[in-house]
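>>> I'd like to go over a predicted model; first the sequence, then the structure.
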Amino acid sequence: MDNPFVYGIATDCNHFTDREEETKRLSLNFTYGINTILISPRRLGKTSLVNNVSEQMADIKSLKIIRMDAFACRNEDDFYRLFATEIIRQVSSKTENLIENAKRFLSNLVPKISIGQEGDVSFSLETTEEHYSSDVLTLPEKIAKEKGVRIVVCIDEFQQIGEFTDSLTFQRKLRSAWQLQTNTSYCLYGSKRHVLMNMFAKASYPFYKFGDIVLLDKIATSYWVEYIQNQFSKTKKTISVELCESICEYVESNSSYVQQLSWLLWARTGKVANEESFRLAKQDLLNQNHILFLKYINELSGYQVNMIRAISEGHTTDLSTGKIISEYNLGSTANVNRVRKALEAKEFVEVTGKKVELSDPVFGRWVIKNLNLFLQS
């Protein structure tokens, strides 16, 4: 029996719901060569969206979509190796073709090719930084022109390049090479919203106005209700509309957590889901994340923990008022601003105008349930 709910990994088409407008917009951008930047809070399905659009368009012979993940890249060399490896690997249909393409399109780089037992390939590129820039970054464009296709390069965790030494210089190098390409477009996205917003929406950054910025919002509850009920039904189980809505409310419609809590409730359900099973499923969710959330707390200062408590209890727009500063021991108005910026930089909160919300809604639920722990610390 297939798992009726999936979390912790990108979902396939069987577990994908809504995103109709975003799917259409991304498909058009891929088709017509428009650079795209996907930005949203964590766990709202950016990777799943890109993967599903890519799968839907896989049969278009004139279009080649290449996907890669830059999370493990720690410097420019790592990025160049990943970029070259994935492009050559994904445009090549056979091992022989792969080797031929590597030698053909990377001849100036003297690539050393390593092929594993299962056909996976990696490169060791031995050349100068100048050749990296001129050959690797223009690689997809060269291939696209020669093969008469359009290529879309999708890079997950793109914000990782912001951690490189002299990152702005590297970003200028990428922008300079990519903006001149007419047969290749890019879809860039990642898990750190505020970093990506700075990178693509600030005029002082090299990637300012590089492409179409798509802001992903939460999936509407009505879509989740239909999806959850369908998944229960496939396994001959039943869940009410009200319980589906309660799932969405408890996790604030966070896509990954909707899947996880639905799974936990499904696992506790015989034939019909009920309130008691839902109560136990919520506790399961908190228990499963307990060690992770304790680690979060240990990374925070006393003032930061106090602000997390305040936000968890619903104070999202009044943190700077004297009453809240006094009640939660936040120090001063100036200190509130410093703490908020620090929490945003650590990806614990999302700031929209004057509103400050936790990036992880279940963390907030856990904080409320463990208030005594913080009051005693």
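Yep, it's here. Numbers count the residues shown, from 1 in each chain.

>>> and the helices in the stretch 51-200 of the chain?
For the stretch 51-200 of the chain, the helices defined by DSSP state H, counting those that start in this stretch cover 76-91, 95-105, 129-131, 139-147, 167-178, 193-201.

>>> which one of those helices has the poorest average confidence?
With a mean of 55, helix 129-131 has the lowest mean pLDDT of these.

>>> average pLDDT for stretch 306-316?
The average pLDDT within stretch 306-316 is 95.

>>> tell me the buried residues in that stretch?
Buried residues in stretch 306-316, counting neighbours by 16 or more other Cβ atoms under 10 Å, are found at 306-312, 315-316. C-beta here means a position set from N, CA and C on the backbone, and glycine is covered the same way.

>>> equivalent analysis for stretch 219-239, please.
Applying a neighbour-count criterion of 16+ other Cβ under 10 Å, one finds 219, 221, 224-225, 227-229, 231-232, 237, 239 buried in stretch 219-239.

>>> where in this structure is pLDDT low?
Residue ranges of the chain with pLDDT under 70: 1, 8-18, 94-96, 98-99, 103, 107-133, 372-377.

>>> in it, which spans are strands?
36-39, 63-69, 111-115, 121-125, 150-156, 184-189, 212-215, 349-352, 355-358 (DSSP state E).

>>> residue 289 and residue 264, how far apart?
Using Cβ to Cβ, to the nearest Å, residue 289 is found at 11 Å from residue 264.

>>> more neighbours: which of these two?
The residue with more neighbours, out of residue 289 and residue 264, is residue 264; 23 against 18, by other Cβ atoms under 10 Å.

>>> what's the local residue count around the spatially closest residue to the more buried one that is not a sequence neighbour?
Leaving aside its sequence neighbours, residue 264 sits nearest to residue 281 (Cβ to Cβ, 6 or more residues apart in numbering; 4.0 Å). As a burial measure, residue 281 scores 23 neighbours (other Cβ under 10 Å).

>>> can you check residue 355 too?
Residue 355: 12 surrounding residues under other Cβ under 10 Å.

>>> wait, doesn't it sit right on residue 314?
No - using Cβ atoms under 8 Å, residue 355 is not in contact with residue 314; the gap is 11.5 Å.

>>> quick one on the thing from earlier: would you format the strands of the chain as JSON lines with distance to residue 364 included?
Below are the strands of the chain laid out as JSON lines (distance: least, Cβ to Cβ, whole Å):
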{"stretch": "strand 36-39", "distance to residue 364": "22"}
{"stretch": "strand 63-69", "distance to residue 364": "28"}
{"stretch": "strand 111-115", "distance to residue 364": "46"}
{"stretch": "strand 121-125", "distance to residue 364": "42"}
{"stretch": "strand 150-156", "distance to residue 364": "26"}
{"stretch": "strand 184-189", "distance to residue 364": "25"}
{"stretch": "strand 212-215", "distance to residue 364": "22"}
{"stretch": "strand 349-352", "distance to residue 364": "10"}
{"stretch": "strand 355-358", "distance to residue 364": "5"}
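
>>> can you list the helices of the stretch 51-200 of the chain in CSV and add mean neighbour count?
Formatted as CSV, those follow (neighbours: other Cβ atoms under 10 Å):
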stretch, mean neighbour count
helix 76-91, 20
helix 95-105, 16
helix 129-131, 12
helix 139-147, 19
helix 167-178, 16
helix 193-201, 19
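
>>> need these in CSV (columns: distance to residue 48).
Output for the helices of the stretch 51-200 of the chain, formatted as CSV (distance: least, Cβ to Cβ, whole Å):
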stretch, distance to residue 48
helix 76-91, 19
helix 95-105, 28
helix 129-131, 36
helix 139-147, 23
helix 167-178, 25
helix 193-201, 16
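
>>> closest one to residue 60 among these?
Residue 60 lies closest to helix 139-147 among these, at 13.5 Å (Cβ to Cβ).

>>> for the closest one, packing partners?
Using 3 or more Cβ pairs under 8 Å, 6 or more residues apart in numbering; DSSP states H and E, the elements in contact with helix 139-147 are strand 63-69, helix 76-91, helix 95-105, strand 150-156, strand 184-189.
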